[in-house]
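[1] I'll drop the sequence and a predicted model, then ask my questions.
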Amino acid sequence: MITKNSKLDITIVDMTNEGEGIGKVDGFPLFVKDAVVGDRVKVTVTKLKKNYGYAHLDKIIKKSPDRVEPACPVSKRCGGCSLQHLSYDAQLKFKYNKVVNCLKRIAKISEAEDKIKGILGMNEEGKSPENYRNKAQFPVGISKDNNIITGFYAMRSHEIIDYSDCKIQHPSNYEILETVKDFMKEYNIPPYDEVSHTGIVRHVVTRVAISSQEIMVSLVINANSLAFSDELVERLSAICGVTSISINVNMEKTNRIMGDKTVTLYGEDYIIDSIGDVKYQIQARSFYQVNPLQTKVLYSKALEYADLTGNEIVWDLYCGIGTISLFLAKKAKHVYGVEIVPEAIDDAKANAKLNGIENTTFYVGKAEEVLPREYEEHNVKADVIVVDPPRKGCDIKALETIVKINPKRVVYVSCDPATLARDIKWLGENGYELVCGEACDMFPHTTHVESIALLQRLSNTRERTITLDVEMEDYHRIKEGERL
Ligand code: SAH
């Protein structure tokens with residue numbers, strides 16, 4: 001019988017969606033952090049629940065062929081890259097399986113492997129799964145020996161791991177962080193302390209436009225202004241590529257990183273990046289995909305799935321700064337974008353202008369409010385609807401309205417396969433069939449996976465009875481981050 005503190009030898013046979021190894025003892029699953037499929041390990045049981053338990057990895061007896069040495073010295077403690085000890089090919093397999101398993105278990109699509117064609121990874125020629133991120137948010141704090149530190153939060157905590165040379169970030173961050181720390185030391189500007197809600201500098205946020213190499217640096221501060229900011233500007237602007245420097249005011253006691261007010265200290269309040277032949281202007285607070293090389297791959301898939309001929313009306317829900325909208329606009333009759341963050345819509349409109357694109361209209365608001373309103377008041381039509389919601393997936397009101405509008409195709413871009421599967425199930429019960437899809441690795445070394453799916457209207461009837469009561473319990477049960 002297994003009890004707490006039992007010491008066992010087990011083989012890891014599977015992995016959870018969060019990247020923990022799963023070993024079984026007489027069919028009873030034990031979750032083991034830092035263990036990978038194929039490892040034979042010695043563990044100590046730390047916690048037992050009715051149907052599963054947790055165990056601590058004491059020793060690897062035999063390494064899995066998929067196990068590699070992590071490139072980053074803090075990968076075990078940091079909450080970011082929980083898959084660094086898995087070879088990149090095995091990471092891709094893990095992510096592909098995650099998407100397929102969600103479709104099987106939640107959407108009940110038994111032939112999910114046939115539908116999901118594969119995973120678009122960063123293992124192609126000319127790409128690397130390192131240094132891929134264009135955005136970083138480093139918390140600033142103080143070490144036990146009173147030094148200013150910047151780095152990342154440890155897994156499930158707010159303890160800062162002092163490390164500036166993150167392997168998935170752009171290499172310019174290192175110099176930026178060292179410059180900010182030196183400036184703070186010399187001018188006695190204290191880091192923020194979230195317990196006492198005192199101190200000044202909370203986060204350093206950086207963004208790099210990979211195509212133009214323009215860099216934006218924003219210091220999030222617990223004050224309305226920053227003393228000696230001219231000196232900071234002089235030092236940061238000397239770093240190659242830095243074209244925008246700002247402070248962002250966040251004086252709230254909150255986990256939210258950025259506040260509502262941003263003051264530009266140097267250069268423009270945006271940087272310009274391009275994906276394919278579309279240029280994008282991006283402000284500090286707007287959402288922008290973090291992996292530009294893979295974004296191009298993903299958007300090209302969206303374009304392929306949308307299958308535009310130039311005559312289509314397209315709606316792009318959760319459009320951010322209009323990235324997908326503008327990518328599709330050149331091939332569509334008109335694209336309508338909807339997004340909740342007003343600044344992102346300002347960027348979307350500016351981006352349309354910047355690219356000389358005139359066949360787009362952007363709305364600020366919730367997709368689940370704007371779409372029903374436009375449908376009721378203006379009887380909007382759509383040939384294709386693209387959705388790219390946050391992790392919680394589409395609101396039911398948005399899905400209901402999509403079905404009422406009755407487009408030929410729905411292209412679903414998702415950053416959480418569980419909510420994707422939930423919404424595909426609902427759409428499946430309401431007249432839309434999953435045709436095909438693909439996983440896309442936007443976030444190498446982390447457990448996150450992006451995916452894209454094409455759904456097609458089953459019949460041409462505009463009159464449709466929407467079976468809203470179908471498994472609504474399922475709809476509400478599967479929320480972002482749920483353990484499956
Ligand atoms: N399609 C864009 C953005 C995708 S991220 C791109 O590829 O860059 C999801 C976006 O949805 C974010 O910009 C977020 O601000 C927005 N959002 C979140 N909830 C929303 C809602 N209820 N209605 C509309 N937009 C929402």
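    Received the coordinates, thanks.
[2] what's the distance between the closest residue to Ile149 other than its chain neighbours and Phe152?
    Distances taken as Cβ to Cβ, 6 or more residues apart in numbering put Asp162 closest to Ile149, at 3.9 Å, once the chain neighbours are dropped. In this view, the C-beta of every residue, glycine as well, is placed from N, C-alpha and C. According to Cβ to Cβ, to the nearest Å, Asp162 stands 9 Å off from Phe152.
[3] the more surrounded of these two?
    Neighbours per residue (other Cβ atoms under 10 Å) separate Asp162 from Phe152, with Phe152 holding more: 23 against 13.
[4] check contacts around the more buried one.
    Neighbour list for Phe152: 74, 78-80, 138-139, 160-161, 163, 166 [criterion: Cβ atoms under 8 Å, 6 or more residues apart in numbering].
[5] change it to 7 Å
    Phe152 sits next to 78-80, 161, 163, 166 when contact means Cβ atoms under 7 Å, 6 or more residues apart in numbering.
[6] got it, and Pro65?
    Counted by Cβ under 7 Å, 6+ apart, Pro65 has contacts Gly38.
[7] where does it fall, secondary structure wise?
    Pro65 is part of no helix or strand, with elements assigned from DSSP states H and E.
[8] where does the chain have low pLDDT?
    For the chain, residues meeting the criterion pLDDT under 70 lie at 460-484.
[9] quick one, longest helix in it?
    The longest helix of the chain (DSSP state H) is helix 88-105.
[10] I'd like to know which elements that one is packed against.
    Counting contacts by 3 or more Cβ pairs under 7 Å, 6 or more residues apart in numbering; DSSP states H and E, helix 88-105 is packed against helix 112-115, strand 116-120, helix 417-429, strand 432-440.
[11] show me what that helix is in contact with.
    Residues from elsewhere that reach helix 88-105 (Cβ under 7 Å, 6+ apart): 15, 17, 66, 83, 86, 109-110, 112-113, 116, 118-119, 121, 123, 129, 417-418, 420-421, 424, 439, 441, 444, 449, 451, 484.
[12] of the helices and strands packed on helix 88-105, which stretch is the most buried?
    Most buried of those, by mean neighbour count (mean count of other Cβ atoms under 10 Å): helix 417-429, with a mean of 25.
[13] what's the angle from that helix to strand 116-120?
    If you take axes from the mean of the first three to the mean of the last three Cα atoms, to 10 degrees, helix 417-429 sits at 150 degrees to strand 116-120.
[14] now do helix 417-429 against helix 88-105, angle only.
    Using the same axes, to 10 degrees: helix 417-429 against helix 88-105 is 40 degrees.
[15] now do helix 417-429: which elements does it pack against?
    helix 88-105, helix 396-405, strand 409-414, strand 450-457, helix 472-477.
[16] nearest to Val386 among the contacts of Phe152?
    Gly80 (29.0 Å; Cβ to Cβ).
[17] surely the closest one meets Pro444?
    No: using Cβ atoms under 7 Å, Gly80 is not in contact with Pro444, being 11.1 Å away.
[18] looking at the two, which is more packed in?
    Per other Cβ under 10 Å, whichever of Gly80 and Pro444 has more neighbours is Pro444, with 26 against 20.
[19] mind checking the SS state of the nearest residue in space to that one that is not next to it in sequence?
    Residue nearest to Pro444 in three dimensions, not counting chain neighbours: Pro129, with 3.4 Å by Cβ to Cβ, 6+ apart. Secondary structure assignment for Pro129 (DSSP: H, G, I helix; E, B strand; the rest coil): coil.
[20] contacts only, for Pro129.
    88, 122, 444-445 are the contacts of Pro129 under Cβ under 7 Å, 6+ apart.
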